[in-house]
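> how would this look folded up:
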Amino acid sequence: MKKFFSFVLFTLLITISVFTSGCFFIPGLDDIGGLGDDLLYPSGTVSGYKVCYKPEIYDFGKIFETFSRTITAELYTYFTFSTLTVDNKNSFGWNDVLNLDRVRYQTKIVTEIVNEVETEYYTYDDVSWNWSFGKNIQYFETHLNINTNKIICEGNLQNVISTYLSYNTNRITEISNIYSTVLEYNIYELVLGRTPTSPVVTIDDNATTVPASVNVTLNGEKVDGTTETRNDILASIKEEYSKYGTYVGFSERDRENLKNYILETVIGSQIVNNPTYNKNNEYQNKVADIINNANPSLNQGGEGEQEALRDFFDPYPASKIKDFNGTAFYINGGIDENGASADNAFDHIQSAEYQSFVIMPEEDDLSLCALWLAFESEQAMDAVIRVRYYDGNGRLFETAKQRISMSGEAFNAETDIIMMDLVYSEISDTELDTSVDMTLDKFDNNLDNGVLKADSIDGKYVSGELANYYNIIESDSGFGAIGVLNHNKIPFAYMEIVIDVIKDPNTPQATYPFKMGVVGIFPTAE
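Below is the predicted model:
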């Protein structure tokens, strides 16, 4: 029975490969533990596979603290404490007028005619941000008539400005300490694909200081701007991020999501959607600039390492890599003595959230036309898989995406083996080229003093110098990412299989563990 089932499965793989891709197999090779008497990969030509996967935990360090503090301070500096230049439009004799508080107030010039005498003065609309502060903050009350909404401008202009800006330096710090804690918490949630938790903001308009006027709670805990409270509030989300986070840094999608969050939640539609206060999309443009300019040079490493500086907006995977040498990444036959699927097909392969793997040929000019993979998962899940091919000369190609489903049941040789489509399109803004001759070079594992080598049992964290050799592809889930080789650092042709697990942000798990392995690869017919 075992021989009959193995023969049928083996014949099926060969037949499909021949008629769909013109492949042939090389007879007379070693057996892979029950899957027929002929091995489905060219013996002696592949030294192994370099696998990238998500570890159970990754040390991200203080990844978003400086980022959120800078953004918060810049938001309030620009939209609250900046100055507005107005020429010859000030009845008080000023050449400039403070734009006072764009978080709480919107200033404008009003022309009033009394007894045929025209008078111009500045007034304001009381329009608050969602994340605002009190109306009668000290020094504001000196310059605002709350009853008439007129701006009271007395004294020498330069003295007023100097005093005002000096005072507001402290106010920016006070505001930033409170709201940046909330923003940092929300940034973690955004990157994890969750709906950010909105704080409860209560404003006391009778208070004369920022801390007294702002009452902010997050998840029921008061945010008072102190370091101790910040650490307490962020402890749980940082722990979750160390388990669920898939990359180090901030992606382009993250920046767009954060910009929209600030516009909608921090500022609010009452201002952003009102052309009277948001002329020429000033808020949209400036918020995007503030986020981009807040880019810190990232200096975080896995396992406590200190790594070379890398652009915060050039993220790399929070992953590990491991070399599966020889046939270590091939599954066992998977057929027991009665011809049924056995439970030992993946005994030698660890369960992890696999992201990608690269074939490592021993010699040049290996041309492939079919690749068979097997999967086994601990819970039902879907994934999108595709193959990337780099020709070693600046051209990157990719196959169409294939969606697969893992049942969460024990491996079944009849249903859990798939063939990868190896019809490529060039990743380019120009004309697509689907006639690429996919030939692989020898994989130089000693490249740059062996930085890519990962042949230890525990694998190797992508951090330090190794981080420069890996990039991310943003996941189809709408959040998260997959680690792939940085082809710009690789001077030879290679093939990489990408596995994008479709995740549900509403039911997060530390990992989406599954097992995978190679059933066989077919060389192109000569």
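
> From T197, how far off is S251?
21 Å (Cβ to Cβ, to the nearest Å). No exception for glycine: its C-beta is placed from N, CA and C like everyone else's.

> mind listing the strands for the stretch 101-250 of the chain?
105-114, 117-126, 144-145, 150-151, 200-203, 214-218, 221-223, 247-248 (DSSP state E, counting those that start in this stretch).

> Now stretch 418-429: buried residues?
Across stretch 418-429, burial judged by 16 or more other Cβ atoms under 10 Å covers 419-422, 424, 426.

> Quick one: mean pLDDT over stretch 181-188.
For stretch 181-188, mean pLDDT is 97.

> Need the contact partners of that stretch.
Stretch 181-188 is contacted by residues 64-65, 67-69, 71-72, 131, 196-197, 199, 216, 218, 223, 225, 229-230, 233-234, 237-238, 240-241, 258, 261, 265-266 when judged by Cβ atoms under 8 Å, 6 or more residues apart in numbering.

> same question, stretch 210-226
131, 133-134, 136-137, 171, 174-175, 177-179, 181-182, 185, 197, 199-205, 207, 229-230, 232-233.

> End to end on that stretch, go ahead and measure it.
End-to-end span of stretch 210-226 (Cα to Cα, to the nearest Å): 14 Å.

> same check, this time on stretch 486-496
11 Å.

> From the chain's centroid, how far away is it?
22 Å (Cα atoms, centre = their mean, to the nearest Å).

> Read off the pLDDT value for I172.
82.

> What strands line up against the longest strand seen in the chain, and which way round?
As assigned by DSSP state E, the longest strand anywhere in the chain is strand 366-377. Strand 366-377 has its sheet partners listed here by DSSP bridges as strand 417-420 (antiparallel), strand 439-440 (antiparallel), strand 514-523 (antiparallel).

> Pull out the buried positions in it.
In strand 366-377, counting by 16+ other Cβ under 10 Å, buried: 366, 368-377.

> from those, which two are the most distant?
L366 and S377 (30.1 Å; Cβ to Cβ).

> so who does the residue of the chain most remote from its centre touch?
Residue farthest from the centre of the chain, counting by Cα atoms, centre = their mean, is N115 at 63.8 Å. Contact analysis of N115 by Cβ under 8 Å, 6+ apart lists nothing.

> re earlier: now for the next helix or strand after the longest strand of the chain, which elements pack on it?
Per DSSP states H and E, the first helix or strand lying C-terminal to strand 366-377 is strand 381-390. Applying 3 or more Cβ pairs under 8 Å, 6 or more residues apart in numbering; DSSP states H and E, one finds that strand 381-390 makes contact with strand 396-399, strand 402-406, strand 417-420, strand 494-501.

> Just the CA coordinates for the third one, please, in PDB.
The reference is to strand 417-420. Extracted C-alpha coordinates of strand 417-420, given in PDB (Å, rounded to 0.1, in the frame of the first residue of the first chain):
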ATOM      1  CA  ILE A 417       1.400  19.900  -0.900                       C
ATOM      2  CA  ILE A 418       1.400  22.700  -3.400                       C
ATOM      3  CA  MET A 419       3.400  23.600  -6.600                       C
ATOM      4  CA  MET A 420       4.700  27.100  -6.900                       C
END
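
> Quick one: mean pLDDT for it?
88.

> Centre of the chain to the next helix or strand after it, how far?
As assigned by DSSP H and E, the chain's next helix or strand after strand 417-420 is strand 424-426. Relative to its parent chain, strand 424-426 has a centroid offset of 25 Å by Cα atoms, centre = their mean.

> what lines up beside strand 424-426 in the sheet?
Strand pairing for strand 424-426, using DSSP bridges, gives strand 396-399 (antiparallel).

> Could you pull out the buried residues of the partner strand?
Buried-residue list, strand 396-399, by 16+ other Cβ under 10 Å: 397-399.

> mind putting these in JSON lines, distance to L190 included?
Output for the buried residues of strand 396-399, formatted as JSON lines (distance: Cβ to Cβ, whole Å):
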{"residue": "F397", "distance to L190": "32"}
{"residue": "E398", "distance to L190": "28"}
{"residue": "T399", "distance to L190": "31"}
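
> on that earlier part again, in CSV: the strands paired with strand 366-377, plus distance to I290.
Shown next, in CSV, are those (distance: least, Cβ to Cβ, whole Å):
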stretch, distance to I290
strand 417-420, 44
strand 439-440, 46
strand 514-523, 41
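
> where's the residue nearest to T202 when sequence neighbours are not counted relative to S132, distance?
Closest residue to T202 apart from its sequence neighbours, by Cβ to Cβ, 6 or more residues apart in numbering: N215 at 4.2 Å. N215 sits 12 Å away from S132, taking Cβ to Cβ as the criterion.

> Quick check: neighbours shared by those two?
Common neighbours of N215 and S132, using Cβ under 8 Å, 6+ apart, are 201, 203.

> who has more neighbours, those two?
When N215 and S132 are compared for neighbours, S132 comes out ahead with 21 against 16, by other Cβ atoms under 10 Å.

> you'd agree that one is up against V201?
Yes: here S132 lies in contact with V201, judged by Cβ atoms under 8 Å, at a distance of 7.3 Å.

> Among the buried residues of strand 366-377, which has the minimum pLDDT value?
Within the buried residues of strand 366-377, C369 has the lowest pLDDT, namely 77.

> May I ask you to confirm that it is in contact with L422?
Yes: assessed by Cβ under 8 Å, C369 is found in contact with L422 at 5.8 Å.

> S251 and T197: which has the busier surroundings?
More crowded of S251 and T197, by other Cβ under 10 Å: S251, with 18 against 12.

> Roughly how far does the residue lying closest to the more buried one once chain neighbours are set aside sit from D382?
When the adjacent residues along the chain are set aside, S251 lies closest to P315, with 5.5 Å between them (Cβ to Cβ, 6+ apart). Plainly put, P315 is 24 Å away from D382 if you go by Cβ to Cβ.

> Kindly report the same for D126.
Applying Cβ to Cβ to D126 and D382 gives a distance of 51 Å.

> swap in Y49?
Using Cβ to Cβ, Y49 is found at 23 Å from D382.

> higher neighbour count, these two?
More neighbours surround Y49 than the other of Y49 and D382, with 22 against 13 (other Cβ under 10 Å).

> In three-state terms, label that one for me.
strand (DSSP: H, G, I helix; E, B strand; the rest coil).

> Let me know the pLDDT of the closest residue to it other than its chain neighbours.
Excluding the flanking residues, the one nearest Y49 by Cβ to Cβ, 6+ apart is F329, at 4.3 Å. We have a pLDDT of 93 for F329.

> Show me the one of the strands paired with strand 366-377 that comes nearest H487.
strand 439-440 (13.4 Å).

> Domain parsing of this protein, as residue ranges.
46-55+319-328+342-523, 65-306 (automatic domain parsing).

> ok, and which of these has the densest surroundings?
domain 46-55+319-328+342-523 (a mean of 18; mean count of other Cβ atoms under 10 Å).

> now do the same end-to-end measure for that one.
11 Å.

> I'd say the residue nearest to Y49 and V358 touch.
No: between F329 and V358 there is no contact under Cβ under 8 Å: 10.8 Å.
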